[in-house]
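[1] Sequence plus the predicted model coming up.
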Amino acid sequence: MPSKTNELLGSIRHLLIACVFLLGLGVATLGDIAIAIRGYETAISTTARMIGSAIVFGTLVLVLITVFQTDGEIHSGN
């Protein structure tokens, strides 16, 4: 039987994962904007796109792992 503290911590964990995903998406977008404004690629914009994309990919993998994770408990219908 989960307590209120565990539910609250789970909600905070999901919120933090969403924030990290959005920050990674923002960094990747800023790299794209820098390329669009300058008209050519630089090392900074390429690095920003790579790091942002890696963060987005990592958070998506984390979300998929947590969605398909089983806790080993058998829940009764009561």
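    All right, it came through fine. Residues are numbered from 1 along each chain as shown.

[2] CA only for contacts and neighbour counts going forward, please
    Noted.

[3] so what's Thr42 closest to, chain neighbours aside?
    Spatial nearest neighbour of Thr42, excluding adjacent residues (C-alpha to C-alpha, 6 or more residues apart in numbering): Ile35 at 7.6 Å.

[4] which stretch of helix or strand covers that neighbour?
    helix 4-38 (DSSP states H and E).

[5] Follow the chain on from that helix and name the next helix or strand.
    Immediately after helix 4-38, counting by DSSP H and E, sits helix 43-67.

[6] in the helix holding Ile35, what counts as buried?
    For helix 4-38, the neighbour count (16 or more other C-alpha atoms under 10 Å) marks 17-18, 20-22, 24-32, 34-35 as buried.

[7] between these, which is nearest Leu64?
    Ile17 (11.8 Å; C-alpha to C-alpha).

[8] separation between Thr42 and Val61?
    29 Å (C-alpha to C-alpha, to the nearest Å).

[9] What of Ser11?
    18 Å.

[10] these two touch, right, Met50 and Ala28?
    Yes - counting by C-alpha atoms under 8 Å, Ala28 is a contact partner of Met50 at 7.1 Å.

[11] what number of residues lie near Glu41?
    14 (other C-alpha atoms under 10 Å).

[12] How about it, nearest residue that isn't a chain neighbour?
    Looking at Glu41 with C-alpha to C-alpha, 6+ apart, the closest residue is Ile35, at 5.4 Å.

[13] give the contact list for that neighbour.
    41-42, 45 (C-alpha atoms under 8 Å, 6 or more residues apart in numbering).

[14] do Asp32 as well
    Per C-alpha under 8 Å, 6+ apart, neighbours of Asp32: 45, 49.

[15] Against Lys4, how distant is it?
    For Asp32, the distance to Lys4 - C-alpha to C-alpha - is 42 Å.

[16] what's the answer for Ile37, then?
    Taking C-alpha to C-alpha, one finds Ile37 at 49 Å from Lys4.

[17] Confidence-wise, which of the contacts of Ile35 comes last?
    In terms of pLDDT, the weakest of these is Glu41, which scores 87.
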